[in-house]
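Colleague: model the following, please.
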Amino acid sequence: MSVLLLLSGPSGVGKGTLVSHVTQAHPEIWVSVSATTRSPRPGEVDGRDYVFLTEEEFAHMREHDELLEWATVHGQFHYGTPRGPVEERVNRGIPCILEIDYQGMRQVKKVIPEAVSVFIAPPSWEELVSRLEGRGSEDALQRERRLETARRELDLSAEFDHVVINDDLAVASQRLHEILRAGR
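Modeller: Numbers count the residues shown, from 1 in each chain. Below is the predicted model of the structure:
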């Protein structure tokens with residue numbers, strides 16, 4: 001079976017940038033597209049960045065076991081991983097990355113214990129706050145919710161198989177690719 005990499009870390013840590021960097025260098029790696037009930041941010045495209053669902057559509061998928069994992073994130077939105085596309089690629093031997101939160105990692109590890117979990121950490125708390133503020137995609141209340149979640153997530157990083165500090169994109173990307181290679 002190919003490696004299934006579960007990638008997690010706080011908002012603003014650079015997970016998306018890191019995944020993009022790795023997949024540009026290694027296009028054979030498939031990245032799962034998560035489903036969410038939150039509204040698209042400017043520039044996000046349905047089906048590419050996320051599958052944007054209504055609460056009713058998300059509930060239907062959950063009730064019919066069409067999600068590999070799901071969670072309520074930041075106390076207000078649902079996120080989940082559609083099961084079918086992941087299982088199809090894993091069964092075909094294609095290396096996969098799921099960008100999920102710690103709750104999702106726990107759920108997937110129960111179902112697929114051989115999945116490899118990686119926590120992406122910021123170089124410092126101050127840098128994480130700076131990155132999140134610099135995005136400008138959330139208002140002050142949303143930013144504070146994300147920072148509260150980040151504090152909890154950082155405390156749980158020891159639950160992961162690997163921790164990668166994202167202080168240098170090239171170094172962090174190389175480390176992520178090494179973990180993928182070793183997991184095969």
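Colleague: alpha carbons only for contacts and neighbour counts from here, please
Modeller: Will do.
Colleague: what is the subsequent helix or strand relative to the one helix or strand in the chain whose mean pLDDT sits lowest?
Modeller: Scoring the helices and strands of the chain by mean pLDDT, DSSP states H and E places helix 125-135 at the bottom, with a mean of 76. Note on helix 125-135: by DSSP states H and E, the next helix or strand toward the C-terminus is helix 140-155.
Colleague: list of residues touching that next one?
Modeller: Identification of contacts with helix 140-155 by CA atoms under 8 Å, 6 or more residues apart in numbering yields 9-11, 74-75, 102, 121, 129, 132-133.
Colleague: got these as CSV, with distance to residue 151 columns?
Modeller: Converted to CSV, the contacts of helix 140-155 look like this (distance: CA to CA, whole Å):
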residue, distance to residue 151
9, 10
10, 8
11, 11
74, 12
75, 14
102, 12
121, 11
129, 11
132, 13
133, 16
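Colleague: drop anything exposed from those residues.
Modeller: Buried subset of the contacts of helix 140-155 (neighbour count, 16 or more other CA atoms under 10 Å): 9-11, 74, 102, 121, 129, 132.
Colleague: just send these back as JSON lines, with secondary structure and distance to residue 148 too.
Modeller: Shown next, in JSON lines, are those (DSSP: H, G, I helix; E, B strand; the rest coil; distance: CA to CA, whole Å):
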{"residue": "9", "secondary structure": "coil", "distance to residue 148": "13"}
{"residue": "10", "secondary structure": "coil", "distance to residue 148": "10"}
{"residue": "11", "secondary structure": "coil", "distance to residue 148": "10"}
{"residue": "74", "secondary structure": "coil", "distance to residue 148": "8"}
{"residue": "102", "secondary structure": "helix", "distance to residue 148": "14"}
{"residue": "121", "secondary structure": "strand", "distance to residue 148": "15"}
{"residue": "129", "secondary structure": "helix", "distance to residue 148": "11"}
{"residue": "132", "secondary structure": "helix", "distance to residue 148": "12"}
